[in-house]
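# This is a predicted model, with the sequence first.
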Amino acid sequence: MLTWPAPQIPRLPGTGEPVRVLDTSTGQVVVAAPGRDARLYVCGITPYDATHLGHAATYVAFDVLGRAWRDAGQQVTYASNVTDVDDPLLERATAVGVDWRTLAAEQTALFASDMAALGVVPPDVYRGVVESVPEVAAAVELLLARGAAYRIASPDGGDDVYADLSADPAFGSVARLDEAAMLALSAERGGDPDRPGKRSPLDPLLWRAERPGEPAWDTPGLGRGRPGWHIECSVIARDGLGVPFDVQGGGSDLAFPHHECSTSHLRLLDAGESARTHVHTGMVGYEGHKMSKSRGNLVLVSRLLADGVEPMAIRLAVLAHRYRDDWEWTDEGLAAAQQRVVTWRRALSGNGGPDAAPVLAGVRAAVADDLDTPRALALVDAWAATAIAGEVEFHEGAPGVVARTIDALLGVRM
Ligand code: ZN
């Protein structure tokens, strides 16, 4: 799948420190990638509605993680997927009367242009589900052969295939939820706990046999059908990064069941660890509720851009919040970010200013400390205020160093 153009990342003097992040599966802040290589998988979009601020916050957060790793001298490989065939996409296509492929292609293209505008470094490995069907089908067959999956006859012929979670004693170790919470979230987030014939209500779908009017692909061992949601990410991550990789990322609403199940599938496929660390971004609310397609309270990046909002103001409005917190998108927050753009630009426009070395060191330390971008912005604010006041020792070239610092580490290009 095609990505979007990669932004240039300026080189900074010196090297950043090891990057720490909050690991959902332990509740501890840990070094995100201990080795020279840093391998990241972030779940991609289901392309049926354009990028909203919740998506933007997630991809900007993991973009900052990648930038911090690069600054620490690590070799970053980033993989992501596009869920370009799934129930919500098909339902939306039917509802608006367009072909599902057309809807997916349009929305995937819009997502790419939003990401490019926001200065997000594109994935190195970017795979759609449609182009990964043979690999996913082979993985489902392997799970069947290992006794870690089973078939249930579909009402329309053929077999659906489910993972048998009893084959994985470590199931539950990502989100660490009790049974009641898992059952409730499974029903809420795409699972089918009440499906007759399942060995356990939580067992997730691996393969869906063809249904009338739905797309399906021929496979040698499974008949005609299409992949389930979780297994696609397991396979795309494994093939794109190898296992174990360093960080599996996404919004906190993906921790269960999606990351729990995709991690479990990988464990059973490769009999080992999948992601060393699971990192989740908070939910972005609007007008008192979590931003969601079902509620219809979406603030779209493309709409803001069409209204003339500068992409860097959107990025700064996101970076003003800690990635792991839930927060609310507001007009005041956007206005504050727009004012910050004006102030920073003014401070950066001179030939000199206050010493930039403490800003570089401080921003570097802040992003390495569990991506503390609010602290990073405050440091730049303080430098800018002093620069504009003009009552300090003049360091020639300081604005250039600060501009490269915010560009390389925060992805903010003035
Ligand atoms: Zn995923």
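Perfect, thanks for sending it.
# State the distance from L90 to P201.
Relative to P201, L90 is positioned 24 Å away (criterion: CB to CB, to the nearest Å). The C-beta positions use only the backbone N, C-alpha and C, and glycine is treated the same way.
# Tell me which of the two has more neighbours.
L90 (19 against 16; other CB atoms under 10 Å).
# got the phi/psi numbers for that one?
phi -70, psi -40 (degrees, to the nearest 10).
# got it, and V174?
The phi and psi values for V174, taken as degrees, to the nearest 10, are phi -80, psi -60.
# Secondary structure element holding L360?
helix 357-368 (DSSP states H and E).
# What lies in contact with the helix or strand bottoming out on mean pLDDT in the chain?
Every helix and strand of the chain was ranked by mean pLDDT, DSSP states H and E. The lowest is strand 289-290, at a mean of 86. For strand 289-290, the external contacting residues (CB atoms under 8 Å, 6 or more residues apart in numbering) are G54, M283, V284, R295, N297, D326.
# Make a ChimeraX selection of the buried ones in these.
In ChimeraX syntax, the buried subset of these is picked out as below (16 or more other CB atoms under 10 Å):
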select :54,283,284,297
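# which of the contacts of strand 289-290 lies closest to V412?
V284 (18.9 Å; CB to CB).
# For that closest one, which residues count as its bridge partners?
W327 (DSSP bridges).
# In contact with it, which residues?
With CB under 8 Å, 6+ apart, V284 has these contacts: H52, L53, G54, A57, K290, M291, D326, W327, E328, W329.
# so what pLDDT did L89 get?
Residue-level confidence at L89 comes out at 94, pLDDT.
# excluding its backbone neighbours, what's nearest it?
Once flanking residues are discounted, L89 sits nearest to Y48: 4.5 Å by CB to CB, 6 or more residues apart in numbering.
# cool, E287 as well?
According to CB to CB, 6+ apart, the nearest residue to E287 is N297 (5.7 Å).
# Mind telling me what element the one you found is part of?
Judged by DSSP H and E, N297 forms part of no helix or strand.
# who's in contact with it?
By CB under 8 Å, 6+ apart, the neighbours of N297 are Y286, E287, H289, M291.
# how about the residues of this protein near the ion?
Residues of the chain lying close to the ion by CB under 5 Å from the ion are C43, C233.
# so where's the chain shaky on pLDDT?
Residues of the chain meeting the criterion pLDDT under 70: 271.
# For it, which segments count as helices?
53-71, 87-96, 100-117, 133-145, 179-188, 229-241, 260-270, 301-306, 311-319, 331-348, 357-368, 373-389, 398-410 (DSSP state H).
# can you list the residues that contact the shortest one?
Read it as helix 301-306. 50-53, 55-56, 110, 113-114, 117-118, 311, 314, 334.
# one more time with 10 Å
50-53, 55-56, 110-111, 113-115, 117-118, 300, 309-311, 313-315, 317-318, 329, 334 (CB atoms under 10 Å, 6 or more residues apart in numbering).
# dump the residue contacts of the residue in the stretch 201-350 of the chain that the ion sits nearest to.
Distance from the ion to each residue of the stretch 201-350 of the chain (CB to the ion) is smallest for C233, at 3.2 Å. For C233, the contact set (CB under 10 Å, 6+ apart) comprises 41-44, 79-81, 83, 127, 129, 132, 136, 227, 248, 250, 254, 258-259, 261-263, 265-266.
# Excluding chain neighbours, what is closest to it?
In space, C233 is closest to S262, 4.4 Å off (CB to CB, 6+ apart).
# you'd agree the one you found is up against A237?
Yes. Assessed by CB atoms under 10 Å, S262 is found in contact with A237 at 7.4 Å.
# Overlap in contacts, the two.
Common neighbours of S262 and A237 (CB under 10 Å, 6+ apart) are Y41, C43, Q248, S274, A275.
# hang on, the earlier thing: the residue nearest to L89 against V82, yeah?
No. Y48 is beyond contact range of V82, at 11.1 Å (criterion: CB under 10 Å).
# hmm, back to that, make a markdown table out of the shared contacts of S262 and A237 and add neighbour count and distance to P7.
Supplementary listing: the shared contacts of S262 and A237 in a markdown table, determined by neighbours: other CB atoms under 10 Å; distance: CB to CB, whole Å:
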| residue | neighbour count | distance to P7 |
| --- | --- | --- |
| Y41 | 30 | 21 |
| C43 | 24 | 22 |
| Q248 | 31 | 24 |
| S274 | 24 | 30 |
| A275 | 25 | 26 |
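# quick one: which of the residues you listed sit in strands?
Among these, DSSP state E puts Y41, Q248, A275 in strands.
# Just list the residues touching the first one, thanks.
If I follow you right, that is Y41. Residues counted as contacts of Y41 (CB under 10 Å, 6+ apart) are 62, 77-81, 123, 125, 233-234, 236-238, 240-241, 245-250, 259, 262, 274-275.
# how far does stretch 232-250 sit from the chain's center?
Relative to its chain's centre, stretch 232-250 lies at 12 Å (CA atoms, centre = their mean, to the nearest Å).
# Offset the numbering so it begins at 28, please.
All right, first residue 28 from here; so that's stretch 259-277.
# got the buried residues for stretch 44-62?
Neighbour count says stretch 44-62 has V46, R47, V48, L49, D50, T51, S52, V57, V58, A59, A60 buried, by 16+ other CB under 10 Å.
# who touches the last one in this structure?
Contact analysis of A60 by CB under 10 Å, 6+ apart lists 45-46, 48, 66-67, 92, 96, 99, 101-103, 272-274, 303-304.
# From these, pick the one nearest D187.
Distances from D187 to the contacts of A60, taken by CB to CB, are shortest for F272, at 29.1 Å.
# The closest one touches R66, doesn't it?
Yes. Counting by CB under 10 Å, R66 is a contact partner of F272 at 3.9 Å.
# where do the contact lists of those two overlap?
By CB under 10 Å, 6+ apart, the residues touching both F272 and R66 are A60, T104, A106, A264, A302, R303.
# now, which of those sits nearest G380?
Nearest to G380 among the shared contacts of F272 and R66 is A60, at 34.2 Å by CB to CB.
# From W96, how far off is that closest one?
Look at A60 and W96: by CB to CB, they are 6 Å apart.
# what residues are up against the residue in the stretch 28-177 of the chain that the ion sits nearest to?
Nearest residue of the stretch 28-177 of the chain to the ion, counting by CB to the ion: C70, 3.1 Å away. With contact taken as CB under 10 Å, 6+ apart, C70 is in contact with 85, 107-110, 256-257, 259-260, 263-264, 275-278, 281, 285-286, 289.
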